[in-house]
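Participant: pasting the sequence and the predicted coordinates here, then a few questions.
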Amino acid sequence: MTYLRAISHPVSILANPIEYLKGVGPFRADMLKKELNIFTFNDLLEHFPYRHVDKTKINLISDISPQTEFIQVAGKLVSKEILGEKRGKRLVAKLRDASGLLELVWFQGVTWVEKTLEPGADYLVYGRTGFFNGSPQMTHPEIESYTRGKTEGSDSLEPVYPTTEKLKARGLGGPATGQAQRAPV
């Protein structure tokens, strides 16, 4: 009987305030409360992703069409250059695979990203696609070093959680495109 009584009235750790979760603290807890209505451990557990990103497949650049929203490709970085000045400054890089050429563009973090990219190196790139002057393009893609022996993408689907601009500014959310954040190499 004692066992059943203990189960029917458990003291739940899930009711603990979110600020007591290791690594959260009062500042992050305040942001989570204001922006996402996450007040307890349980609220955090019930904060589900609104979609999943499939990075299990590596596509060819030639697979990009006007209907393609997001895609992952692998190739060799053939060039990079900084264009424009001051507020119009941007980094433009070109990635080539066996099927074609893809333009990669960054308008923010230009200096930082430029230092991480090496022409001639192989990269795995993921992002939202578009077309500029009839050619495929990705703006602010996720990019990482790529080993030619790797023939597949990641082993699983990546969750995408709801976030806000304030959370992103404080490092508590993904990029504006809604995909999981990954720093360049």
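Facilitator: Great, that's in hand.
Participant: list of residues touching the biggest strand by length in the chain?
Facilitator: In the chain, with assignment by DSSP state E, the single longest strand is strand 70-83. Residues outside strand 70-83 that contact it (Cβ atoms under 8 Å, 6 or more residues apart in numbering): 53, 55, 57-61, 63-64, 89-97, 101-102, 110, 114, 117-129, 146, 153, 177, 179. Placement of C-beta: from N, CA and C, glycine included.
Participant: for it, the distance to its chain's centre please.
Facilitator: Centre-to-centre, strand 70-83 and its host chain are 17 Å apart (Cα atoms, centre = their mean, to the nearest Å).
Participant: what about it, average pLDDT?
Facilitator: Averaged across strand 70-83, the pLDDT comes to 92.
Participant: cool, stretch 159-169 as well?
Facilitator: For stretch 159-169, mean pLDDT rounds to 81.
Participant: show me which residues of it are buried.
Facilitator: Residues of stretch 159-169 classed as buried: 160-161, 163, 167 (neighbour count, 16 or more other Cβ atoms under 10 Å).
Participant: end to end on that stretch, go ahead and measure it.
Facilitator: End-to-end distance for stretch 159-169, by Cα to Cα, to the nearest Å: 20 Å.
Participant: again with stretch 59-67
Facilitator: 15 Å.
Participant: hey, which helix or strand in this structure has the poorest pLDDT?
Facilitator: Within the chain, no helix or strand scores below helix 2-8, which has a mean of 48 by mean pLDDT, DSSP states H and E.
Participant: quick check: next helix or strand after it?
Facilitator: Next in sequence after helix 2-8, counting helices and strands by DSSP states H and E, comes helix 25-36.
Participant: tell me the buried residues in that next one?
Facilitator: By neighbour count on 16+ other Cβ under 10 Å, the buried set for helix 25-36 is 28-29, 31-33, 35-36.
Participant: go on, stretch 59-79?
Facilitator: So for stretch 59-79, counting by 16+ other Cβ under 10 Å, buried means 61, 64, 70-75, 77.
Participant: where along this protein do the strands fall?
Facilitator: Remark: strands assigned in the chain by DSSP E are 51-54, 70-83, 90-97, 100-106, 122-132, 135-139, 142-145, 157-160.
Participant: any chance of a markdown table for these, columns distance to residue 21?
Facilitator: Below are the strands of the chain laid out as a markdown table (distance: least, Cβ to Cβ, whole Å):
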| stretch | distance to residue 21 |
| --- | --- |
| strand 51-54 | 24 |
| strand 70-83 | 31 |
| strand 90-97 | 38 |
| strand 100-106 | 34 |
| strand 122-132 | 30 |
| strand 135-139 | 35 |
| strand 142-145 | 27 |
| strand 157-160 | 19 |
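Participant: relative to residue 20, which of those strands is closest?
Facilitator: Checking the strands of the chain against residue 20 by Cβ to Cβ gives strand 157-160 as the closest, at 24.1 Å.
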